[in-house]
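*Asks:* What follows is a predicted structure for the sequence shown.
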Amino acid sequence: MDRRQFIVSASALSLAAALPVKGARPERRLLVLVELKGGNDGLNTLVPIDDPLYRRLRPRLTIDRSDALGLTAAHGLHPSLQSLRKIWDAGELAIVQAVGYPEPNLSHFRSIEIWDTASRSDEYRDEGWLSRGFAQRPSPAGFAADGVVVGSSDLGPLAGTGGRVIALTDPDQFLRLARLARPDAMASGNASLAHVLRVEREIQRSADRLHAGREFRTAFPAGPFGNAVRVAAQLAANREGIAVVRITHDGFDTHANQAPAHANLLRQLDQGLAALRDALREIGRWDETIIATYAEFGRRPRENESGGTDHGTASVHFVLGGGVKGGLVGESLQLDRLDATGNPAHQLDFRDYFGALASTCLGWPGTVAPAGGGTRPEFA
Amino acid sequence: MKRSPEHAPLGEEAARHLLARTGFGTPPGEVSAFARLAREEAVDRLLEGLVSTPSAPLPAWADEADPAPREVQAMSVAEREAHQRRQRERGIELREWWLREMLAGPSPLSERLTLFWHGHFATSQRKVRSPRLMARQNLLLRRHGAGRFGELLHAIARDPAMLIYLDGAGSRRGAPNENFAREVMELFTLGEGAYSERDVKEAARAFTGWGIDREAGEFRERPALHDGGEKTVLGRSGRLRGGDVLDLLLARPETAEHLTRKLWREFISPLPEPAVVTALAAVLRDARYEIRPWLRAAFLSEPFWRPANRASLIKSPVDLVAGTLRTFGIRPFVLRPAAIACAQLGQDLFGPPNVKGWPGGEHWINAASLLARKQLLERLFRGRDGMPAPTDSMAAAPAGPEARMRRAMEQGMRTYAFDAAAFAETLGTDRTPSRIERLVLAQGAVHPAAQGMGLADLARHLVADPAYQLR
């Protein structure tokens, strides 16, 4: 048996082992991470409709109780999020409140680096948190990749050398082009060359195990985010496993004239996630997939003079999937206790948030998954 | 007697290293010319060649005023679409103009410096939405690129495109915008961690009142919008104004070191060496932040020439595209496809991803971008008869401008084919495979070429080698 045959049959075995038994809790789940690039305005996403402070901080950007999609007596969703409201009604959407970290950094670049590397605010790490984890807990050998980054050259939590990671915009194109990667070459002492050679090897290994071209009945929305969820669905349909897919939705840095732009962004998010849910149901993977959002920060509670919001800190995030326990998670933002920059403190450390996702989806133990020292939420 | 390396002629290997690091690509004729010079002569020739203005004038529209925001507001839907199309078209013309400078201008080092500052003071057309202001910023970067960094910093802080990009234009007393104040410290001068959140807030007040006259497209200081109160920035208190804050930043030692580390990663290696950084930062401060003496000291430093640092940098997309065209003497008729190729590979001129500029280094290469690079090279070197069916790179192309760009690319690429006979002419008499490999690659090929390959096959083989991604 040659090496490739061995890998193929080994992968068949491992996949059989990973197949869900009906009604049982899946051993691992596909994790689809959605980065809301630029920092989504959590306060106008999950709206504290009853809080008088909210109206005072947002005189021009208020979302009225009558427009918000009511969830609880005190909370409503932004009116663009109609599909998420339906998923909430189905009990498959957890809304995680006030996720952030101590001593928040208000720079996009530094803060997303903190999230991507799951570091403390004063700690600098080069490897993404997923890559670090995969270095210790690789996915089953037959998997096509530990992680696939869709439509972005920045690998975020998958950056670094620890995982088997590929980046692509379209699986078909990836497979057609993969023939241009060359057979294994000798290792090199030149770090830059070693990087190029490693990427070539990853391309080949993944191309061997990637199957593209799955057609869906589900219609995907137009636009970049719609394309991204279509590719995420195709990857989810891949016969040989993929542990994590990361997609991005860009444009949330709404410093000026926020209301129409934010409504659009959330509508695209809503329609994209709804299409992804439909597609995953179509292939029977909705129950063993978790979709989770993250971002570098939220926006500042007090709107600025340009009808926008400046960089904030803690924010709200969505976790959805067929096996997800729906409901509100954690404590609300405390708008009456803002720090010197006018921002609220976090209630849930994002490392505990990521840790919960890693443990539920990837089965990583506490020593491998990120931890923020607080209580880890349970999503499934 | 054997002369020390500093005084001996460089030879082709060192000359190619110098050219690949300071310009774009390694055209054989230029390599031969520099090979005859000693180190100092070669470096001085590059520095003497620096220019502060472009060789071709900007497109004519760069002198036309942009319509005022309220005029755009008043446009009908059709007019506004036509306006946006025109702006997009001009944005592409601007990219073509710059690539032309890189390919045909007299001083590749000037272009590399301009590109370096464009990444350092990253500003994107996607937010500025005025090709004219982006063009004028490019002239500013050229004017000061090898001169005093202090003047460059003061000029860029008042640059209309920058004032739009980092929201300075709307910042006023009582409503200071922190964006520029933060990035000027984090990215342009001190580096992360050398200032506090309070410094950012106070500095933002100092910059209030700096705005632009949208119609003239020029900087305007509006005293009525300036916060004239007492501020404390980096421990200095007073009724600080924007210019005072910039001077405070220039006075900090962190600024010279931050700049030196960044220039090091552009010109020398991915890992700045602390001891040499300290020495080069001192050169920068002693020269009152003039860049030219820094370049001279860096290009004559031991780490620049050290064999372990050769081939240690990953080519940026612009390096790959402009360098390939220059090295192989490919002279495309239109540069639009080259500009689009750079963007698709992750380096859209006038469109860096964010204010941090392009992260560079290993970030240039991942599974997606490496395949795109190989596909581009394969096409250039496939020969005139082998252009691909247009569908080859168009899978999943979304509708809209991107798809149109891709189609333009497919058509335009037909004028880009590598011509082995023309390349052979630039090689002089020594056309041995080993010399060609040394001219084209920064280090030996990972996959050695087979014996007896013709020039066209050899070139195709070399650009497909992983080592071709390095400079």
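*Replies:* That came in fine, so what should we check first? Residues are numbered from 1 along each chain as shown, chains lettered A, B, ... in the order given.
*Asks:* and the next element down the chain from the lengthiest helix in chain B?
*Replies:* Counting residues, the longest helix found in chain B (DSSP state H) is helix B:77-104. Per DSSP states H and E, the first helix or strand lying C-terminal to helix B:77-104 is helix B:108-120.
*Asks:* Just the C-alpha atoms of that next one, please, in PDB.
*Replies:* Extracted in PDB, the C-alpha atoms of helix B:108-120 (Å, rounded to 0.1, in the frame of the first residue of the first chain):
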ATOM      1  CA  PRO B 108      13.700  52.200  -9.300                       C
ATOM      2  CA  LEU B 109      15.000  53.100  -5.800                       C
ATOM      3  CA  SER B 110      12.800  56.200  -5.800                       C
ATOM      4  CA  GLU B 111       9.800  54.100  -6.800                       C
ATOM      5  CA  ARG B 112      10.600  51.600  -4.100                       C
ATOM      6  CA  LEU B 113      10.900  54.300  -1.500                       C
ATOM      7  CA  THR B 114       7.600  55.900  -2.700                       C
ATOM      8  CA  LEU B 115       6.000  52.500  -2.400                       C
ATOM      9  CA  PHE B 116       7.500  52.000   1.100                       C
ATOM     10  CA  TRP B 117       6.000  55.300   2.300                       C
ATOM     11  CA  HIS B 118       2.700  54.500   0.700                       C
ATOM     12  CA  GLY B 119       2.600  51.400   2.800                       C
ATOM     13  CA  HIS B 120       3.800  53.300   5.900                       C
END
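*Asks:* about what we covered before: if you look at the longest helix of chain B, does any of it touch chain A?
*Replies:* No: using C-beta under 8 Å from any C-beta of the partner chain, no contact is recorded between helix B:77-104 and chain A, whose separation bottoms out at 15.4 Å. The way it works is simple: take the backbone N, C-alpha and C, and place the C-beta from them, glycine included.
*Asks:* Contacts only, for A:Thr169.
*Replies:* A:150-151, A:227, A:231, B:368, B:396 (C-beta atoms under 8 Å, 6 or more residues apart in numbering or on different chains).
*Asks:* again, but for B:Glu6
*Replies:* Counting by C-beta under 8 Å, 6+ apart, B:Glu6 touches B:38-40, B:300.
*Asks:* Contact distance from chain A - what residues of the stretch 201-350 of chain B qualify?
*Replies:* Within the stretch 201-350 of chain B, the residues that sit near chain A (C-beta under 8 Å from any C-beta) are B:201, B:270, B:311-314, B:346.
*Asks:* Rebuild those residues as TSV, extending it with distance to B:Arg296, pLDDT and neighbour count.
*Replies:* Output for these, formatted as TSV (distance: C-beta to C-beta, whole Å; pLDDT from 0 to 100; neighbours: other C-beta atoms under 10 Å in any protein chain shown):
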residue	distance to B:Arg296	pLDDT	neighbour count
B:Lys201	40	94	18
B:Pro270	22	96	16
B:Ala311	23	97	21
B:Ser312	21	97	21
B:Leu313	20	98	24
B:Ile314	25	98	22
B:Gly346	31	87	22
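*Asks:* From chain A, how far off is B:Ala68?
*Replies:* Per C-beta to the nearest C-beta, to the nearest Å, B:Ala68 is found 17 Å from chain A.
*Asks:* Can you report how many residues lie near that residue?
*Replies:* Number of residues near B:Ala68 (other C-beta atoms under 10 Å in any protein chain shown) recorded here: 12.
*Asks:* Likewise for B:Ser76?
*Replies:* A count of nearby residues for B:Ser76, using other C-beta under 10 Å, gives 8.
*Asks:* Now do the strands in chain A.
*Replies:* A:30-37, A:46-48, A:69-70, A:75-77, A:93-100, A:145-150, A:165-168, A:242-250, A:289-294, A:315-320, A:327-329, A:348-349 (DSSP state E).
*Asks:* so how far is the last one off the chain centroid?
*Replies:* Right, the one you point to is strand A:348-349. Mean C-alpha position of strand A:348-349 versus that of the full chain (C-alpha atoms, centre = their mean, to the nearest Å) differs by 16 Å.
*Asks:* residues in contact with that strand?
*Replies:* By C-beta under 8 Å, 6+ apart, the residues outside strand A:348-349 that reach it are A:96-102, A:329-331, A:372-374, A:377.
*Asks:* Same check on the first one?
*Replies:* For strand A:30-37, contacts defined as C-beta under 8 Å, 6+ apart pick out A:112, A:156-157, A:232, A:236, A:242-253, A:269, A:273, A:276, A:285, A:288-295, A:357-358, A:361-362.
*Asks:* what about A:Gly91, neighbour count?
*Replies:* Considering only other C-beta under 10 Å, A:Gly91 is surrounded by 11 other residues.
*Asks:* Please determine how far it is located from chain B.
*Replies:* 34 Å.
*Asks:* quick one, what contacts that residue?
*Replies:* Counting by C-beta under 8 Å, 6+ apart, A:Gly91 touches A:325-327.
*Asks:* Most neighbours among the residues you listed, which one?
*Replies:* With neighbours defined as other C-beta under 10 Å, the most crowded of these is A:Gly326; it has 18 neighbours.
*Asks:* Read off the pLDDT value for the residue nearest to that one when sequence neighbours are not counted.
*Replies:* Closest residue to A:Gly326 apart from its sequence neighbours, by C-beta to C-beta, 6 or more residues apart in numbering or on different chains: A:Gly91 at 3.9 Å. Per-residue pLDDT puts A:Gly91 at 97.
*Asks:* what's the answer for A:Arg299, then?
*Replies:* pLDDT, read off for A:Arg299, is 98.
*Asks:* That one pairs with what?
*Replies:* As for beta bridges, A:Arg299 partners with A:His311 under DSSP bridges.
*Asks:* number of nearby residues for it?
*Replies:* Around A:Arg299 there are 31 other residues, counting by other C-beta under 10 Å.
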